[in-house]
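Enquirer: what's the 3D shape of this:
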Amino acid sequence: MKKLILGVTLSALAFSCNSTKNSVDSKPKAPADPTKYGNTITSAELKEMLYIYASDEFEGRNTGEPGQKKAVEYLKQQYKNLEIPSPLSDDDYFQEVALEARKTPEVSIQLNNKNLLNLEDFLSIGSPTTQSFSVNDIVYAGYGIEAENYSDYKNIDVKNKVVLIKAGEPKNEDGTYITTGKTENTTWSEGRRARSAKKNVASEKGAKAIIILDDVTFPRYAAYYKRVSNSQSKGRISLINNDSDLPQFMVNSTIAKAIYENILEDDQAKTINTSLSIDIKSEVTPVHSENVVAFIKGTEKPDEIVVISAHLDHEGIKDGKVYNGADDDGSGTVAILEIAEAFKTAVNDGYGPKRSILFLHVTGEEKGLLGSKYYTDSDPIFPLENTVANLNIDMIGRVDEAHKDDRNYVYVIGSDMLSSELDSALQKANNNYTKINLDYKYNNETDPNRFYYRSDHYNFAKNNIPVIFYYNGTHEDYHRPTDTPDKIEYDLLENRTRLVFYTAWEVANREQRLIVDKAKKD
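Expert: Numbers count the residues shown, from 1 in each chain. Below you'll find the model as predicted:
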């Protein structure tokens, strides 16, 4: 990257960049007008790129498949054309993401010499390795919780034992949870987070395997696993797990009661005499995929990073039909390219951003936010403590049913959850430049759609990095082969992309780093 020699004169205007001294008359350069750069984001360029990126040639951009390789090469070439470098090395725009495809394991379970049916009586969850074992007793550990003021493990030893637990957590008579004394859900209440926390406790205590009764989740997961096993010949793609994962099995109440008849009524830990044999055969193959990264170095605070992200993958080809993913997330992908061009034009004019900008195109979002999880959890290119904010774009080219009569909108999620100043920056950018109706309907961690947890921003948010998720909502073509570029409303895509740019401009050029005044605590 070419170095720019800048002066130190600063403008006090909120949306200004650093000034430089005029080389001829030494007069301070006028403050930057961000609209000059925002106006380089045009519907025509967005349309031209999206008709390429979401074409049949890219084969639906399925993670690790040839179409995804074409997609990352296309993105790399766009950044090279813009002369925006990679933060990795001169020609290396790819952050390799360590993935594997794991077929649904072949699992055989015998309970008291009776064969149980996989996907009917039990589910194998997680990534257990090939292994076999038998036991003559099972330890029942209630809800499987260990908290500061409550433990299901206080009178039992589960080392090298199979542990039986149930979903949920105990409550007081007034309806509050015993672990917190409050009515709000906790880490232990429900869902994937609760199962993970309970598994971790059992694993730390040396358990051999864990069986969980969850009548609510069981039918939904069973249907999903059947669909995955039928549609993915290679298996379920996930991040490579080099650790031996504790075998976990979910069962329905019929099987749980066959192990311990009073499981629903009794919370007291005990050892149950019963014979159990488990045989697991796991088949794993490596998957080669990558995030695409490009970088503009900040002029004054280069170590502080603003990340602008979108996912580059989609669903691939199913039953001979290409799932083009024009909105999901071709729209976000080409939006980042236009935002990058706008910032690079400002750099060329001597108005580089004070903070650095990382343009991050992540892989494997459709497989479980894998590329962003790899970036935040395994190999952050820049330290997370130096990451100021993540602006994530996932579907901004269409209109959902709720806004058929009000096209000028975008859903914003997460903007005020960790930093009050980030939402203020968003509002300021919108009021000054784009005038979009900001819809906060889904800006809620308890929203039943769980959108806050369903795109790549979440892997930054869980690390207390302020985020905004820009989103147009679902529509009739969501995850269907009919999500094609001719359905995109390019005037909306243009203005929404400009909103992200102006928000990033404000965050990158403000005098003080965003405060994180609403950080979550474990």
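
Enquirer: Off-centre distance for the helix ranked longest in the chain?
Expert: Looking across the chain with DSSP state H, the single longest helix is helix 490-509. Relative to the chain's own centre, helix 490-509 is displaced by 21 Å; criterion: Cα atoms, centre = their mean, to the nearest Å.

Enquirer: Pull out the buried residues from it.
Expert: Going by neighbour count (16 or more other Cβ atoms under 10 Å), the buried part of helix 490-509 is 490, 492-509. To be clear about C-beta, it is placed using only N, CA and C from the backbone, and glycine gets the same treatment.

Enquirer: ok, and what's touching the least confident helix or strand in the chain by mean pLDDT?
Expert: Every helix and strand of the chain was ranked by mean pLDDT, DSSP states H and E. The lowest is helix 218-231, at a mean of 80. The contact list for helix 218-231, computed with Cβ atoms under 8 Å, 6 or more residues apart in numbering, reads 103-104, 119-120, 123, 125, 236, 250-252, 318.

Enquirer: 7 Å instead, please
Expert: Identification of contacts with helix 218-231 by Cβ atoms under 7 Å, 6 or more residues apart in numbering yields 104, 119, 123, 236, 250, 252, 318.

Enquirer: for stretch 105-115, same thing?
Expert: Contacts for stretch 105-115 (Cβ under 7 Å, 6+ apart): 116, 118, 122, 124, 128, 258-259, 274-282.

Enquirer: Could you chop the protein up by domain?
Expert: Structural domains annotated on the chain: 34-98+289-509, 104-282, as defined by automatic domain parsing.

Enquirer: Lowest average pLDDT across the ones you listed?
Expert: For these, the weakest mean pLDDT is recorded on domain 104-282, namely a mean of 91.

Enquirer: how long is it end to end?
Expert: 7 Å (Cα to Cα, to the nearest Å).

Enquirer: Report the distance from it to the chain centre.
Expert: 25 Å.

Enquirer: Of the domains of the chain, which stretch is the most buried?
Expert: domain 34-98+289-509 (a mean of 21; mean count of other Cβ atoms under 10 Å).

Enquirer: still on that earlier bit, mind exporting the C-alpha coordinates of the longest helix of the chain to PDB?
Expert: Presented in PDB, the C-alpha positions along helix 490-509 are these (Å, rounded to 0.1, in the frame of the first residue of the first chain):
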ATOM      1  CA  TYR A 490     -31.400  -1.500  -7.000                       C
ATOM      2  CA  ASP A 491     -32.400   2.000  -5.900                       C
ATOM      3  CA  LEU A 492     -33.000   0.600  -2.400                       C
ATOM      4  CA  LEU A 493     -29.700  -1.300  -2.500                       C
ATOM      5  CA  GLU A 494     -27.900   1.900  -3.400                       C
ATOM      6  CA  ASN A 495     -29.300   4.000  -0.600                       C
ATOM      7  CA  ARG A 496     -28.900   1.200   2.000                       C
ATOM      8  CA  THR A 497     -25.300   0.700   0.900                       C
ATOM      9  CA  ARG A 498     -24.700   4.400   1.300                       C
ATOM     10  CA  LEU A 499     -26.100   4.300   4.800                       C
ATOM     11  CA  VAL A 500     -23.500   1.600   5.800                       C
ATOM     12  CA  PHE A 501     -20.800   3.800   4.200                       C
ATOM     13  CA  TYR A 502     -21.800   6.900   6.000                       C
ATOM     14  CA  THR A 503     -22.100   5.000   9.300                       C
ATOM     15  CA  ALA A 504     -18.600   3.600   8.800                       C
ATOM     16  CA  TRP A 505     -17.300   7.000   7.900                       C
ATOM     17  CA  GLU A 506     -18.600   8.500  11.100                       C
ATOM     18  CA  VAL A 507     -17.300   5.600  13.300                       C
ATOM     19  CA  ALA A 508     -13.900   5.600  11.600                       C
ATOM     20  CA  ASN A 509     -13.400   9.400  11.800                       C
END
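
Enquirer: For it, name the packing helices and strands.
Expert: Secondary-structure packing of helix 490-509 (3 or more Cβ pairs under 7 Å, 6 or more residues apart in numbering; DSSP states H and E): helix 34-38, helix 43-53, strand 301-311, helix 332-348, strand 355-362, strand 387-393, helix 420-429, strand 467-471.

Enquirer: Which residues does whichever helix or strand comes after the least confident helix or strand of the chain contact?
Expert: Sequence order places strand 236-239 as the next helix or strand after helix 218-231, per DSSP states H and E. Residues from elsewhere that reach strand 236-239, judged by Cβ under 7 Å, 6+ apart: 63-64, 98-102, 104, 127, 228, 287, 364, 367-368, 370, 373-374.

Enquirer: do stretch 144-161 as well
Expert: Under Cβ under 7 Å, 6+ apart, the answer for stretch 144-161 is 139, 141-143, 163, 165, 169, 178-179, 188, 198, 201-202, 205-208, 269.

Enquirer: Quick check: strands, which of the residues you listed are part of them?
Expert: 139, 163, 165 (DSSP state E).

Enquirer: can you tell me which residues contact the last one?
Expert: In this case it means Ile165. Here Ile165 is in contact with 141-144, 198, 210, 212 (Cβ under 7 Å, 6+ apart).

Enquirer: Now do the closest residue to Phe501 other than its chain neighbours against Thr333, distance only.
Expert: Nearest residue to Phe501, sequence neighbours excluded (Cβ to Cβ, 6 or more residues apart in numbering): Ile339, at 4.7 Å. Taking Cβ to Cβ, to the nearest Å as the measure, Ile339 falls 11 Å from Thr333.
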